[in-house]
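**Q** Give me a model of this one.
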Amino acid sequence: NVVDTTAPVITLIGANPMEVELGGTYTEPGATSDGGETVTISGSVDTASLGEYTITYSATDTNNNTSTATRTVNVVDTTAPVITVTKKNQRRRTNNIEVELGDTYEELGATSDGGETVTISGLVDTSKVGEYTITYSATDDSGNTGTASIIVNVVDTTAPVITLIGVNPMEVELGDTYSELGATSDGGEEVETSGTVDTATVGEYTITYSATDANGNIGTATRTVNV
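**A** Alright, predicted model coming up:
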């Protein structure tokens, strides 16, 4: 008796095991049989649910020898949450915002596309000019962590306020002596005075006062002196 007891050999196409991202699409790679037999495929993959799925391939030859092979398909979640920083009415350029020295920093907050809790780290000291980094992070149920960050620049763009001592405008009698009254700066900066008064000549003269703070902001004021 010449008999055939050898089952077909099934060769899987593609990887085994195979990974599919959660929410993605599973595309069946298929399989072949060494005798050209039709390969029947059974099993399904639910890409909406994490887990391990088995796809079974079977082939039967003309002598009713049947063989099977299996593929493991793992639905995995490797995608980190996407964090979006909230925009508010602060001076903002790209991922930077500016806060004036001495003002209050208002935390922007952030949201995660999957609704995960967002953790905020970093501090802003508005009493000191400088660059500060605030980092936002969120971790999903699969342990994937997404982060986002902004840079907060504490800046000083406010010029000193100069207060004149005495009256403005001021009158000096022709031939008298002009005595400079001076001025003060709200930040205690040194006030420089420029301009002259010729009390020998009737006219209107301007005295300019200026002060520069530590961050290079210049404040000015003027006094009119009428001879």
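**Q** I'd like the distance between the residue of the chain most remote from its centre and G35.
**A** For the chain, the residue at maximal distance from the C-alpha centroid (C-alpha atoms, centre = their mean) is N1, at 77.9 Å. Distance check for N1 against G35: by C-beta to C-beta, to the nearest Å, it reads 21 Å. Just so you know, the C-beta spots here come from the backbone N, C-alpha and C atoms, and that holds for glycine as well.
**Q** Below-threshold pLDDT in this protein: ranges please.
**A** Across the chain, the ranges flagged by pLDDT under 70 are 88-95.
**Q** that older thread, so how far is T60 from the residue farthest from the centre of the chain?
**A** Taken as C-beta to C-beta, the span from N1 to T60 is 21 Å.
**Q** do the same with T135
**A** 60 Å.
**Q** got it, and Y136?
**A** Y136 is 58 Å from T60, by C-beta to C-beta.
**Q** just A214 next, same as before
**A** A214 sits 88 Å away from T60, going by C-beta to C-beta.
**Q** between the two, who's got more neighbours?
**A** Higher neighbour count among A214 and T60: T60, with 17 against 9, using other C-beta atoms under 10 Å.
**Q** Look up the residues forming beta bridges with the more buried one.
**A** T66 (DSSP bridges).
**Q** Touching, it and E37? I think so.
**A** Yes: look at T60 against E37 with C-beta atoms under 8 Å: they come within range, at 6.4 Å.
**Q** So Y205 sits against D198, correct?
**A** Yes: contact criterion C-beta under 8 Å: Y205 and D198 qualify, at 7.1 Å.
**Q** For the two, work out which one has more neighbours and name it.
**A** Using other C-beta under 10 Å, the more surrounded residue of Y205 and D198 is Y205, with 19 against 11.
**Q** Pull the contacting residues for the more buried one.
**A** 195-198, 224-227 (C-beta atoms under 8 Å, 6 or more residues apart in numbering).
**Q** out of the residues you listed, which is most surrounded?
**A** V225 (23 neighbours).
**Q** What values do phi and psi take at that one?
**A** Dihedral pair for V225: phi -120, psi 120, per degrees, to the nearest 10.
**Q** is it in a bridge, and if so with what?
**A** M170, Y205.
**Q** From G182, how far out is it?
**A** Noted for V225: a distance of 13 Å to G182, by C-beta to C-beta.
**Q** So the residue nearest to E171 when sequence neighbours are not counted versus I207, what's the distance?
**A** Among residues not flanking E171 along the chain, N226 sits closest, at 5.0 Å (C-beta to C-beta, 6 or more residues apart in numbering). Relative to I207, N226 is positioned 12 Å away (C-beta to C-beta).
**Q** same question, S137
**A** 58 Å.
**Q** Same check on L174?
**A** Counting by C-beta to C-beta, the gap from L174 to I207 is 18 Å.
**Q** Among the two, which residue is more densely surrounded?
**A** I207 (22 against 10).
**Q** Surely L164 and T224 touch.
**A** No: the pair L164 / T224 is not scored as a contact, 10.4 Å apart, by C-beta under 8 Å.
**Q** Contacts only, for the closest residue to T220 other than its chain neighbours.
**A** Among residues not flanking T220 along the chain, S210 sits closest, at 4.7 Å (C-beta to C-beta, 6+ apart). Contacts for S210 (C-beta under 8 Å, 6+ apart) come out as 162, 191-192, 194, 218-220.
**Q** Show me what the one helix or strand T32 maps to is packed up against.
**A** Assessed by DSSP states H and E, T32 sits inside strand 31-33. Applying 3 or more C-beta pairs under 8 Å, 6 or more residues apart in numbering; DSSP states H and E, we find strand 31-33 packed against strand 10-12, strand 66-76.
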